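Asker: From the sequence below, what's the structure:
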Amino acid sequence: MNGTVKSISVLIITILLQILIFRFGIFAGGKAIIFFHLYGLVLLPIGWHKTTYLFFGTITGAIVDLVLLGGGLHMASGAILGLTLPHISVAIAPRDGFQKGHVICALKDGWMRFLSYCFLVSTLYSFGLFAIEGGRLGIILVALWKAILSGSLTVILMGLSQGLFGLKRKNKKSKVSAYPWS
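Answerer: A predicted model of the protein is given here:
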């Protein structure tokens, strides 16, 4: 399957899961919220044009807003995330950078890089949502605390999803064998 089609289909599935299941993932009186639809945005290929990320982030937020009656908070946070997603991927890239069309996953890039990318994406989205929801500069530190808490919960869920449903190794056995029949 084409990588672009696969990424967009995963994005659609994660939006549906956010709407159907994870909209009830609100903890600590609204201080920690699970944003599972970000997993679809994390799995978008690297190297697209910046406006494409802006489009996908905004449309994703708008769909979640329409269904969950968010009042535009998710759309604004999605737009902020769409603007900064290319910069986040550059920040965590290895020395030689990522190839165009590369999808960040734990098997190819390692768990540390994958989880740090997920944490930056989910914390930035959460910070945008809580800062806009607060509406004044005096609540920025509270919004940052809520963003770190929500980002941590979302990263745990993304890590579980990547471990269960992410790419698997094609062959666990070694290609070199001492036996000719194996």
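Asker: Only C-alpha atoms from now on, for both contacts and neighbour counts.
Answerer: Fine.
Asker: Give me the pLDDT for the closest residue to Met112 other than its chain neighbours.
Answerer: Nearest residue to Met112, sequence neighbours excluded (CA to CA, 6 or more residues apart in numbering): Ala106, at 7.9 Å. What the model reports for Ala106 is a pLDDT of 84.
Asker: cool, and the one 5 residues further on?
Answerer: In this model, Trp111 is scored at 89, pLDDT.
Asker: go on, Ala147?
Answerer: With respect to pLDDT, Ala147 scores 93.
Asker: check contacts around it.
Answerer: Neighbouring residues of Ala147 by CA atoms under 8 Å, 6 or more residues apart in numbering: 32, 122-127, 130.
Asker: Name only those of those residues that count as buried.
Answerer: 32, 122-127, 130 (16 or more other CA atoms under 10 Å).
Asker: name the helices or strands packed onto the helix or strand harbouring His87?
Answerer: His87 belongs to helix 73-91 when elements are defined using DSSP states H and E. Secondary-structure packing of helix 73-91 (3 or more CA pairs under 8 Å, 6 or more residues apart in numbering; DSSP states H and E): helix 50-68, helix 111-134.
Asker: Run the angle between it and helix 111-134 for me.
Answerer: 150 degrees (axes from the mean of the first three to the mean of the last three CA atoms, to 10 degrees).
Asker: buried stuff in helix 73-91?
Answerer: Residues 73-86, 88-89 are the ones in helix 73-91 that count as buried (16+ other CA under 10 Å).
Asker: hey, C-alpha coordinates of it in CSV?
Answerer: Extracted in CSV, the C-alpha atoms of helix 73-91 (Å, rounded to 0.1, in the frame of the first residue of the first chain):
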residue,chain,number,x,y,z
LEU,A,73,-10.0,24.8,20.6
HIS,A,74,-9.0,21.6,18.8
MET,A,75,-8.9,23.3,15.5
ALA,A,76,-6.7,26.1,16.8
SER,A,77,-4.4,23.6,18.5
GLY,A,78,-4.3,21.5,15.3
ALA,A,79,-3.2,24.6,13.4
ILE,A,80,-0.5,25.4,15.9
LEU,A,81,0.7,21.8,15.7
GLY,A,82,0.5,21.8,11.9
LEU,A,83,2.7,24.9,11.7
THR,A,84,5.4,23.4,14.1
LEU,A,85,5.3,19.8,13.1
PRO,A,86,8.1,20.1,10.4
HIS,A,87,10.3,21.9,12.9
ILE,A,88,9.7,19.2,15.6
SER,A,89,10.8,16.6,13.1
VAL,A,90,13.9,18.5,12.3
ALA,A,91,14.7,18.9,16.0
